[in-house]
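Undergrad: coordinates only, sequence not included:
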Ligand SMILES: O=C(O)C1=C[C@@H](OP(=O)(O)O)[C@@H](O)[C@H](O)C1
Ligand SMILES: C=C(OP(=O)(O)O)C(=O)O
């Protein structure tokens, strides 16, 4: 599907969709608990559905209700022994499900789509292999997984994907012997680990972290069903609207928690830093244009914000920088390349620093009318839609169905804010 956008100011109010990161974790914890959990999660996406489908294959009964999901864990005797899973393009699902298969001693043949199997996995596979699990690649198209995961001492680098560590945290309490996870090197995406700890605590599991040794201790524990569980609004997917507000007449996003553990609520601090008028409300946030100035922001803790921050930089006269961009190359697309190519198509000057760790964007000229690709990346679609709204003429985004990975209602909400778009079959 291609989307054609006619430039028009984005203005008004939109409701935040349910947090994808919280939804993945709550569905997994509920599947492992001692009773039925009703999860409030009004908005779903392809990635959340992938986690639902994988958990169903593990024996969990999950029904879509009016407001979310009813999750009934499998009885031990009813768990399958050998299953087929398709993790599609969901990195979070894939990296969480691998240790879980080992903890439940279920063999699986896993398939994937897009770039998922090319994204980093080795540190996780290597640690799981030295704790009882086996992995075999079939033609690089399927991953066969088997073996009982054994507790003990795990080591994991902190600067490749926090999902390796979150996956271990979720699974290790199920083992009958205590474990530790020592994180080596710098720890990045820390707030995603905090989200994992938050949801696990809500299901009565504690995983104390000792800062000096950078080590989690995980005792054998039981997930306790909280009865109901509410998924909060998604800050990462609210960010494009808040950026649109800051370069236009103002946008408000409701249904967001100001106390959220989600690192991407830092979009508000970023917008304040560039001089936008930001208001923090009881249950939401709004942003509006003021005197915008160039910025330099490290994206090491907020890597999913990089595409929309790049779009923001394009509208600000002067040179802005996104620094610590190394891990952007490991996402649904190589986001260093896809951000650069997209900005250039809109006529925006962008350069990579000599050491390849910074994107240097010179903004202030109106983005030009163009045809851009999604690079099969939902966050590039959102970035392009914001740039297109203020472009000199029509913009076509090809393969825009990539948006469904995290935000199937994106273009509905875009129209709700006054955006003008229509879809065309590719
Ligand atoms: O745990 C999570 O829910 C996520 C962790 C982050 O990945 P990395 O830790 O690999 O950066 C983030 O980019 C991803 O969209 C969601
Ligand atoms: C990288 C993302 O997700 P995942 O790692 O789960 O595929 C994302 O949502 O931008």
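TA: Everything's here; your move. Computed from a predicted model, the values in this text were never measured in an experiment. Ligands and ions are numbered 1, 2, ... in the order given.
Undergrad: only C-alpha atoms for contact and neighbour calcs from this point on.
TA: OK.
Undergrad: ok, and what's touching the stretch of helix or strand residue 286 belongs to?
TA: Applying DSSP states H and E as the criterion places residue 286 in strand 284-288. Residues outside strand 284-288 that contact it (C-alpha atoms under 8 Å, 6 or more residues apart in numbering): 242-243, 245-258, 271, 276-280.
Undergrad: what's the PyMOL line that selects buried ones from the residues you listed?
TA: Buried subset of these, written as a PyMOL selection, criterion 16 or more other C-alpha atoms under 10 Å:
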select buried, resi 242+243+245+246+247+248+250+251+252+253+254+255+256+257+258+271+276+277+278
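Undergrad: what pairs with the strand holding residue 286, parallel or antiparallel?
TA: Partner strands and pairing direction for strand 284-288 (DSSP bridges) are strand 251-254 (antiparallel), strand 277-281 (antiparallel).
Undergrad: least reliable of the ones you listed by average pLDDT, please.
TA: Per-segment mean pLDDT for these reaches its minimum on strand 277-281, at a mean of 95.
Undergrad: contact partners of it?
TA: Under the criterion C-alpha under 8 Å, 6+ apart, residues 246, 258, 268, 271, 272, 285, 286, 287, 288, 289, 290 lie in contact with strand 277-281.
Undergrad: identify the farthest-apart pair in those.
TA: Across the contacts of strand 277-281, the longest distance by C-alpha to C-alpha is 22.2 Å; it joins 258 and 290.
Undergrad: how many residues are close by the closest residue to residue 296 other than its chain neighbours?
TA: Once flanking residues are discounted, residue 296 sits nearest to residue 321: 4.4 Å by C-alpha to C-alpha, 6 or more residues apart in numbering. Residues near residue 321, counting by other C-alpha atoms under 10 Å, number 23.
Undergrad: ok, the one 5 residues further on next?
TA: The number of residues packed around residue 326, counting by other C-alpha under 10 Å, is 17.
Undergrad: over to it: give its phi and psi.
TA: Note on residue 326: backbone dihedrals following degrees, to the nearest 10 are phi -50, psi -50.
Undergrad: quick one, what contacts it?
TA: Residues near residue 326 by C-alpha under 8 Å, 6+ apart: 356, 357.
Undergrad: per-residue pLDDT, residue 426?
TA: On the pLDDT scale, residue 426 is placed at 63.
Undergrad: thinking again about what came up before, what is the nearest of the contacts of strand 277-281 to residue 50?
TA: Nearest to residue 50 among these, with distances taken as C-alpha to C-alpha, is residue 258, at 28.4 Å.
Undergrad: where does the stretch 301-426 of the chain have low pLDDT?
TA: For the stretch 301-426 of the chain, residues meeting the criterion pLDDT under 70 lie at 426.
Undergrad: same thing but 80
TA: For the stretch 301-426 of the chain, the stretches with pLDDT under 80 are 425-426.
Undergrad: for it, which residues are neighbours of ligand 1?
TA: Contacts of the stretch 301-426 of the chain with ligand 1, taken as C-alpha under 6 Å from any ligand atom, map to 303, 304.
Undergrad: where do the helices sit along the stretch 301-426 of the chain?
TA: Using DSSP state H, counting those that start in this stretch, the helices of the stretch 301-426 of the chain run over 306-314, 335-345, 378-389, 410-416.
Undergrad: what's the closest of these to ligand 2?
TA: Closest approach to ligand 2 among these is made by helix 378-389 (6.4 Å; C-alpha to the nearest ligand atom).
Undergrad: what does the closest one contact?
TA: 5-10, 240, 244, 304, 307-308, 310-311, 338-339, 342, 346, 367, 369, 372, 374, 394-395, 397, 400, 402-407, 419.
Undergrad: dump the helices of the stretch 301-426 of the chain to TSV, plus mean neighbour count and distance to residue 209.
TA: Output for the helices of the stretch 301-426 of the chain, formatted as TSV (neighbours: other C-alpha atoms under 10 Å; distance: least, C-alpha to C-alpha, whole Å):
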stretch	mean neighbour count	distance to residue 209
helix 306-314	27	29
helix 335-345	21	32
helix 378-389	27	32
helix 410-416	17	37
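Undergrad: what would these look like in CSV with distance to residue 129?
TA: Formatted as CSV, the helices of the stretch 301-426 of the chain follow (distance: least, C-alpha to C-alpha, whole Å):
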stretch, distance to residue 129
helix 306-314, 34
helix 335-345, 30
helix 378-389, 33
helix 410-416, 40
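Undergrad: so which of these comes closest to residue 424?
TA: Nearest to residue 424, of all the helices of the stretch 301-426 of the chain, is helix 410-416, at 13.1 Å by C-alpha to C-alpha.
Undergrad: neighbouring contacts of the closest one?
TA: Residues outside helix 410-416 that contact it (C-alpha under 8 Å, 6+ apart): 10, 12, 14, 403, 420, 421.
Undergrad: do the same with stretch 24-35
TA: By C-alpha under 8 Å, 6+ apart, stretch 24-35 touches 36-37, 39, 48, 51-52, 55, 60, 71-74, 92-93, 170, 196, 199-200, 203, 222-225, 227, 229, 231.
Undergrad: can you narrow those residues to ones near ligand 1?
TA: residue 92.
Undergrad: which of the contacts of stretch 24-35 count as buried?
TA: 36-37, 39, 48, 51-52, 55, 60, 71-74, 92-93, 170, 196, 199-200, 203, 223-225, 227, 229, 231.
Undergrad: what about those residues, which are in strands?
TA: Residues of the buried ones among the contacts of stretch 24-35 located in strands (DSSP state E): 37, 39, 71, 72, 229.
Undergrad: now those residues in a markdown table, with distance to residue 180?
TA: Formatted as a markdown table, those follow (distance: C-alpha to C-alpha, whole Å):
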| residue | distance to residue 180 |
| --- | --- |
| 37 | 29 |
| 39 | 30 |
| 71 | 29 |
| 72 | 29 |
| 229 | 28 |
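Undergrad: for ligand 2, state which of those residues is nearest.
TA: residue 39 (19.7 Å).
Undergrad: what about the closest one, distance to residue 361?
TA: Taking C-alpha to C-alpha, to the nearest Å as the measure, residue 39 falls 42 Å from residue 361.
Undergrad: do the same with residue 69
TA: In terms of C-alpha to C-alpha, residue 69 sits 43 Å off from residue 361.
Undergrad: could you do residue 309 as well?
TA: For residue 309, the distance to residue 361 - C-alpha to C-alpha - is 10 Å.
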